[in-house]
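Q: model this:
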Amino acid sequence: MNYTFQFGQAFMHLPYLLGGALLSLQIAFIAFWGGAAMGLFGAFGIVYGRPWLRHTIQAYITFFTNTPAVVQIFFLFYALPEVGIVLSSMTAVTLGLMLNSAAYLAEIQRAGFLSVRQSELDAALTLGMNRLQTLRYVIVPHIARAIYPPLSSFFVWLVLGSSIGALYGVEELTGRALNVATSNLRTIEIFLIVAVIYIALTLAASLSLGLVGRHVFRVKGGLLR
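A: Sure, this is the predicted structure:
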C-alpha cells in the first residue's frame with residue numbers, strides 16, 4: 001500500500017465539517033417534526049376517517065413508501081420549475097424528506113392508535129371521563145409510550161438520510177466532505193473523519209432521545225445497539 005495518510009490536511013477543515021453536521025441535524029429536525037405532524041393527521045384519518053379519506057391517505061403512503069426519496073426530491077427540485085415553482089436545493093431536500101417521512105410516520109402512529117385496548121377505553125368510561133379527558137389521560141399517554149422507540153429510531157435514520165442533500169448541492173456534512181475532498185484530494189482521511197462525526201451525531205441523538213423517553217414517557221431501555 002503506497003498511500004500516505006495526511007490527517008493534518010483533513011483536520012484543518014474540521015470546523016467547516018462540523019458546520020455541515022449542524023445543517024444535517026437541522027434538516028433532520030425539520031423533516032421529522034413536519035413529517036410527524038402530517039403523519040399524525042394521516043394516522044387519524046386512516047383509523048377514524050371515511051372510506052374516501054382512508055383510500056386517499058393509503059394511496060399517498062403507498063406512493064411515498066414505494067419510491068426512493070432521491071426520486072421524490074428530484075421531482076421537487078427539477079420538475080416543479082417547469083410549472084413555475086422554483087425551490088432552493090435546501091428547501092427541496094428538506095421538503096422531500098418531510099413528505100417521505102410523513103408516509104412512514106403515519107404508519108407508525110396508526111399502529112399506536114390501534115394499540116389502545118378497548119378495556120382501557122371502557123375503564124375511562126367507567127370512571128366518568130368525557131371524550132377529551134379520555135384522549136388526554138388514556139389515549140395520548142398510551143400512544144406516546146408505544147410509538148416513542150420507533151419514532152426515535154426514525155429520527156436517527158433521518159440524520160443519516162440527510163446526506164442525500166449532497167446530491168443536490170446542499171452543504172450538509174456529506175456535501176461539505178465532498179467539497180473538501182475535491183479540493184485537497186485527501187478523500188480517505190476526510191471521509192474517515194466524517195464517519196466519526198456521523199457516529200457521534202447518532203450516538204448523541206440516541207442518548208438524548210433515550211433520556212427523554214425514559215423520563216417523559218417512561219420508556220424502558222435505550223436506542224443504542
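Q: which of the three states applies to the nearest residue to residue 110 once chain neighbours are set aside?
A: Excluding the flanking residues, the one nearest residue 110 by CB to CB, 6 or more residues apart in numbering is residue 43, at 4.0 Å. All C-beta atoms are positioned from the backbone trio N, CA, C, and that covers glycine. When classified by DSSP: H, G, I helix; E, B strand; the rest coil, residue 43 comes out as helix.
Q: next secondary structure after the host helix or strand of residue 134?
A: For residue 134, the element it lies in under DSSP states H and E is helix 131-134. Next along the chain after helix 131-134, taking DSSP H and E as the criterion, comes helix 140-161.
Q: mind listing what's buried along that next one?
A: By neighbour count on 16 or more other CB atoms under 10 Å, the buried set for helix 140-161 is 142-152, 154-156, 158-161.
Q: what of stretch 51-62?
A: 57, 60, 61.
Q: check stretch 110-130 too.
A: Within stretch 110-130, the residues scored as buried using 16+ other CB under 10 Å are 110, 112, 113, 116, 124, 129.
Q: in three-state terms, label residue 119 for me.
A: helix.
Q: could you measure from it over to residue 125?
A: Distance check for residue 119 against residue 125: by CB to CB, to the nearest Å, it reads 11 Å.
Q: flag the shaky bits of this structure, pLDDT-wise.
A: By pLDDT under 70, the low-scoring segments of the chain are 1, 217-225.
Q: what angle sits between the helix or strand encompassing residue 124 and helix 140-161?
A: According to DSSP H and E, residue 124 maps onto helix 118-126. Angle, helix 118-126 to helix 140-161, by axes from the mean of the first three to the mean of the last three CA atoms, to 10 degrees: 130 degrees.
Q: what residues does helix 118-126 touch?
A: In this structure, residues lying in contact with helix 118-126 by CB atoms under 8 Å, 6 or more residues apart in numbering are 133, 134, 137, 138, 139, 142.
Q: how about a cut-off of 7 Å?
A: If you take CB atoms under 7 Å, 6 or more residues apart in numbering as the criterion, helix 118-126 is touched by 134, 138, 142.
Q: stretch 94-108 now?
A: With CB under 7 Å, 6+ apart as the criterion, stretch 94-108 contacts 27, 30-32, 34-36, 38-39, 42-43, 57, 60-61, 64-65, 69, 72-73, 76, 87, 147, 150-151, 154, 158, 161.
Q: distance check, residue 94 against residue 140.
A: 28 Å.
Q: what's the answer for residue 193, then?
A: Distance from residue 193 to residue 140, by CB to CB: 42 Å.
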